[in-house]
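Visitor: missing the sequence, but the structure's below:
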């Protein structure tokens, strides 16, 4: 096998290298100088001759990548070039002048078999556009040309986290330049394909925290530019929720912590708009699923997504600007409807599940989180209090104020909800006072203790020792 030095000896087209040994030393010396100090690195990055030198070697080596020595040499060149780009806009311009980026892109199929080399290539391209709108626009334009096959290299490489990390950072660099570039990216043929690749990663269990954090920043950026909904809908399917949509929901749920939400407090309504639209889509799909007639309705993959969104909307509802727009987005009506459907499932399905020895359905937790969100929205809001009253669901909410062995927090959130609905609202207070208890719900805990609940002649719920 030929050595790297003998490769270099063939590439002395511009008298940059002299002789086999000299050629090898020259490349090694350049790498050593780059690593020596930031000052030396900047000096080298701003020399046109350095970029011509690297380009000439790479142009020849890239044709010989079936040779292990050539792959090692190409990796060394890309690492050096990637590092030099950190010098900024001038270095980026010099690399572009020799068309180093185009050289890599036009030979991507030769690079494709070598994953580490492929990662270095995308890292180089990422550094070539960092904080540079002009370079980003050129890259995006090249990648959207019909003859471009740059993303074909990703096929079959799902869950290759090192490559995913490189692509995610490149994507974030692109869409962070400006809102117009972000919109163009999502509307292009390339953008959604790249996002689909990144969203195919199992972000729920990935051990690559860099990838998870970058994906969170990508999704937040898409929300800021009001294009997340469009991307979400591109992945829609008629038979439920796909992995890309599931990962989007998981990412926004984990990304929007209380600290992040507080950062967006002044523009929360704008930021929340896409999230509310996505929630409405998932909630309606969940409703339709729960309305199916089945002896025992299996838990749907929609349930975890609906629960994540209910929890996220509850956190967002602490911001007044978000709490104000939620009702106008039909969120209240949809959540109440989900509550009704979940309650009907519990009444019919749970006894069947128990007799069949099946685990409890997550629909019970949907009831709990629906109540919590309604409680938050109705806090000191006469408008929401009245809307809930007009929907005729006060008896339904009140009926959840019982001990549920399978859902211990249901009672607490129901009481919390009733409290907020009745506070300073005489109409709702009178409506609740007029209600009478009709029946009690059996409690396994009480039965084990030898007691049972009953309703006395005054419609009061009391306990008595169970007669065996």
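Guide: Received it, and whenever you're ready, just let me know what you need. All values derive from a computational prediction rather than experimental measurement. Numbering: from 1, shown residues only.

Visitor: any weak-confidence spans in the stretch 151-300 of the chain?
Guide: Within the stretch 151-300 of the chain, the stretches falling below the threshold (pLDDT under 70) are 203-207, 239, 264-271, 293-299.

Visitor: Helices along that one, start to end?
Guide: Remark: helices assigned in the stretch 151-300 of the chain by DSSP state H, counting those that start in this stretch are 161-175, 179-187, 190-199, 209-224, 228-234, 243-255, 258-263, 268-290.

Visitor: can you list the domain ranges for this structure.
Guide: Per the record, the chain has its domains at 1-130, 136-255, 277-435, 439-468, by automatic domain parsing.

Visitor: among those, which is nearest residue 261?
Guide: domain 277-435 (6.1 Å; CB to CB). For the C-beta atoms, the positions are set from N, CA and C on the backbone; glycine is no exception.

Visitor: Please state the offset of the closest one from the chain centre?
Guide: Its chain's average C-alpha position is 25 Å from that of domain 277-435, according to CA atoms, centre = their mean, to the nearest Å.

Visitor: What is the neighbour count of residue 252?
Guide: For residue 252, the count of nearby residues is 23 (other CB atoms under 10 Å).

Visitor: how close does it sit to residue 199?
Guide: Distance, residue 252 to residue 199, by CB to CB, to the nearest Å: 12 Å.

Visitor: about what we covered before: for residue 47, which of the helices of the stretch 151-300 of the chain is the nearest?
Guide: Distances from residue 47 to each of these were compared by CB to CB, and the smallest falls on helix 161-175, at 24.7 Å.

Visitor: Could you give the number of residues near the nearest residue to residue 370 once chain neighbours are set aside?
Guide: On the basis of CB to CB, 6 or more residues apart in numbering, the spatially nearest residue to residue 370 that is not a chain neighbour turns out to be residue 339, at 4.1 Å. Counted with other CB under 10 Å, the burial measure for residue 339 works out to 23 neighbours.

Visitor: Any chance of JSON lines for the domains of the chain, columns distance to residue 261?
Guide: Output for the domains of the chain, formatted as JSON lines (distance: least, CB to CB, whole Å):
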{"stretch": "domain 1-130", "distance to residue 261": "28"}
{"stretch": "domain 136-255", "distance to residue 261": "10"}
{"stretch": "domain 277-435", "distance to residue 261": "6"}
{"stretch": "domain 439-468", "distance to residue 261": "36"}
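
Visitor: What ranges does the chain have for its strands?
Guide: Per DSSP state E, the chain carries strands over the ranges 451-455, 461-465.

Visitor: confidence score at the residue nearest to residue 370?
Guide: Residue 339 is assigned a pLDDT of 93 by the prediction.

Visitor: and it, what does it touch?
Guide: If a contact means CB atoms under 8 Å, 6 or more residues apart in numbering, then residue 339 has 366, 367, 370, 371, 374, 393, 396, 397 as its contacts.

Visitor: Among those residues, which ones are in helices?
Guide: With helices defined by DSSP state H, the entries of the contacts of residue 339 inside them are 366, 367, 370, 371, 374, 396, 397.
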